[in-house]
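Engineer: Here is a sequence together with a model predicted from it:
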Amino acid sequence: MKKYYCGLLVFLGLLLSMNAQAQNVKGKITDNITNEALPGVSVLVQGTNQGTVTNAEGAYSLQLKAGNYKLVFSFVGYETQTQEIKVADGMVNLDLAMIESVASLSEIVVLGSRSSQIRSSIETPVPVDVIPFKDLQ
């Protein structure tokens, strides 16, 4: 009789664990105009720290438990988009076409220097600092 109850408990445990398993959510991210795959798009589950990045073919894959989620898709030069999905039994496929952002980026100029003093000669191809002899002692 004990073997029967032990077997029944193991069976019920396996049955319950199968319902709690994560489901696969996958898809492909493309440009809405050219339909080219976008590698490096961030795919995040809103409200969690779970996410992924698309591969070279623009494909992504996430493991999520059953429930309702919001996926946030973001990429430089494109508008951030949010999509609601319902994860149930089986695989969820969500393809998305990213829309190019209208905002343009402005130019960034970076200047580097080893010291806060003004260089003696900045017109040469190689930086030249003239250091007085008394500073070397």
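Structural biologist: Structure's in. What do you need?
Engineer: only C-alpha atoms for contact and neighbour calcs from this point on.
Structural biologist: Fine.
Engineer: just for this structure, where's the confidence low?
Structural biologist: Across the chain, the ranges flagged by pLDDT under 70 are 1-21, 104-106, 108-124, 127-129, 137.
Engineer: show me where it has strands.
Structural biologist: 23-31, 42-45, 51-53, 59-64, 67-74, 81-87, 92-93, 96-98 (DSSP state E).
Engineer: Export those as TSV, with columns for distance to residue 107.
Structural biologist: Formatted as TSV, the strands of the chain follow (distance: least, C-alpha to C-alpha, whole Å):
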stretch	distance to residue 107
strand 23-31	24
strand 42-45	24
strand 51-53	27
strand 59-64	31
strand 67-74	22
strand 81-87	26
strand 92-93	39
strand 96-98	24
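Engineer: Measure how buried residue 35 is and give me the count.
Structural biologist: Neighbours of residue 35 under the rule other C-alpha atoms under 10 Å: 11.
Engineer: would you turn the strands of the chain into JSON lines with distance to residue 131 and mean neighbour count?
Structural biologist: Listed next are the strands of the chain as JSON lines, based on distance: least, C-alpha to C-alpha, whole Å; neighbours: other C-alpha atoms under 10 Å:
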{"stretch": "strand 23-31", "distance to residue 131": "55", "mean neighbour count": "18"}
{"stretch": "strand 42-45", "distance to residue 131": "50", "mean neighbour count": "19"}
{"stretch": "strand 51-53", "distance to residue 131": "51", "mean neighbour count": "17"}
{"stretch": "strand 59-64", "distance to residue 131": "57", "mean neighbour count": "19"}
{"stretch": "strand 67-74", "distance to residue 131": "50", "mean neighbour count": "16"}
{"stretch": "strand 81-87", "distance to residue 131": "56", "mean neighbour count": "15"}
{"stretch": "strand 92-93", "distance to residue 131": "66", "mean neighbour count": "16"}
{"stretch": "strand 96-98", "distance to residue 131": "55", "mean neighbour count": "19"}
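Engineer: Cheers, nothing more for now.
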